[in-house]
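Participant: Here's my sequence, what's the structure:
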Amino acid sequence: MTNSFQLAMCQVETTEWALDTNFANAVASLREAKEKGADFAVCPECVIHGYPLAKSYETHEQHDQRVKDIAEPLDGERITTLIALAKELSLDFVLGFAEEGDNNQAYNTAALFSASGGITNLYRKVHCRGFESTWQWGPFTPGNNFSTYTIANERCTAGTMICFDRERPESFLSLRHLGAEFITCPLATNTVNIATHQEHSNESMTQALAAATESFITVVNHSHRFNGGSFLIGPDGECIHQMGADAAVDIVEVNLDMVQALRAKRFGWRGYGYSRPDIYNKYIPSTIE
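Facilitator: Reported below is the predicted structural model:
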């Protein structure tokens, strides 16, 4: 018997700023995931408001304030509904949303909604590009932490990153050092077909870093608002499954034995056991100019 679980990749159709419709679509996708036998589900980045970018007729300040105005408080109606839904369905799921913070702050957040009740992990996107980050000209305050949690009846250690995080090796390395075997990555950007693409792409980086850290990663995108193409990468960097452009809920088996077999060979060909953080720390500055 394999040590596995059934993953639901919930590729939700969204429209920018259509909060009620997007939320209803996300809830419907989670119900479908449960009906199809999912043990764990993942929805896209900022799925509730659809991740709109600043329009030419808006100033960045107007766009950023609008994002902050619609951001979800953790005790708000939609988040409370999702907490209740996870318990009703007896389904753990990760869902991305704009989170309301203190002092007119907003975070690009992905939360683990637990079947046992409540939010049991809250991840705020660490690596925000210029158009996202308050450090430059965007609406979101960058987060400061990576963390892990357990899923699949506590058989799997998982962690979360969001979109651009997957382009930074440090995200994968941080979660690997914390013991993550499986990574969820809610997404809001166009993807390419992994089987046919020739150009350098974010997907190639994701495959390489999953292999380097012997980890599964599922990247789950919007449909309609972006072009879908959600995918699951295995710990050898192989694409196990990729979706099309349309809204759908795909169920894929995640075989944890694949990760555990690789990691059992600590000094094998992959060589993760040879890591020398005492050396690397001399060359990675605490601040980068």
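
Participant: Just the CA atoms of stretch 181-197, as PDB, please.
Facilitator: Taking C-alpha atoms only, stretch 181-197 is exported to PDB below (Å, rounded to 0.1, in the frame of the first residue of the first chain):
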ATOM      1  CA  GLU A 181       7.800  17.200   1.600                       C
ATOM      2  CA  PHE A 182       4.900  18.900  -0.300                       C
ATOM      3  CA  ILE A 183       4.600  22.500  -1.200                       C
ATOM      4  CA  THR A 184       1.500  24.400  -2.100                       C
ATOM      5  CA  CYS A 185       1.900  27.400  -4.400                       C
ATOM      6  CA  PRO A 186      -1.200  29.500  -5.200                       C
ATOM      7  CA  LEU A 187      -0.600  31.400  -8.400                       C
ATOM      8  CA  ALA A 188      -1.900  34.400 -10.400                       C
ATOM      9  CA  THR A 189       0.000  34.700 -13.600                       C
ATOM     10  CA  ASN A 190       0.100  33.100 -17.000                       C
ATOM     11  CA  THR A 191       1.700  29.600 -17.300                       C
ATOM     12  CA  VAL A 192       3.300  27.700 -20.200                       C
ATOM     13  CA  ASN A 193       2.700  24.100 -21.400                       C
ATOM     14  CA  ILE A 194       5.500  22.200 -19.600                       C
ATOM     15  CA  ALA A 195       5.500  19.300 -22.100                       C
ATOM     16  CA  THR A 196       6.100  21.600 -25.200                       C
ATOM     17  CA  HIS A 197       7.700  24.800 -24.100                       C
END
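
Participant: And the average pLDDT for it is what?
Facilitator: The average pLDDT for stretch 181-197 rounds to 95.

Participant: Buried residues in it, which are they?
Facilitator: Neighbour-count burial for stretch 181-197 flags 181, 182, 183, 184, 185, 186, 187, 188, 191, 192, 194 (criterion: 16 or more other C-beta atoms under 10 Å). Placement of C-beta: from N, CA and C, glycine included.

Participant: Identify the farthest-apart pair in these.
Facilitator: 181 and 192 (26.1 Å; C-beta to C-beta).

Participant: hmm, back to that, any chance of the buried residues of stretch 181-197 in a markdown table with secondary structure and distance to residue 226 as columns?
Facilitator: Converted to a markdown table, the buried residues of stretch 181-197 look like this (DSSP: H, G, I helix; E, B strand; the rest coil; distance: C-beta to C-beta, whole Å):
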| residue | secondary structure | distance to residue 226 |
| --- | --- | --- |
| 181 | coil | 27 |
| 182 | strand | 23 |
| 183 | strand | 20 |
| 184 | strand | 17 |
| 185 | strand | 14 |
| 186 | strand | 12 |
| 187 | coil | 8 |
| 188 | coil | 6 |
| 191 | coil | 8 |
| 192 | coil | 12 |
| 194 | coil | 16 |
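
Participant: ok, so of the residues you listed, who is nearest residue 162?
Facilitator: When the buried residues of stretch 181-197 are compared for distance to residue 162 (C-beta to C-beta), residue 186 wins out at 5.5 Å.

Participant: I figured that closest one was touching residue 96, is that so?
Facilitator: Yes - here residue 186 reaches residue 96: they are 3.7 Å apart, a contact under C-beta atoms under 8 Å.
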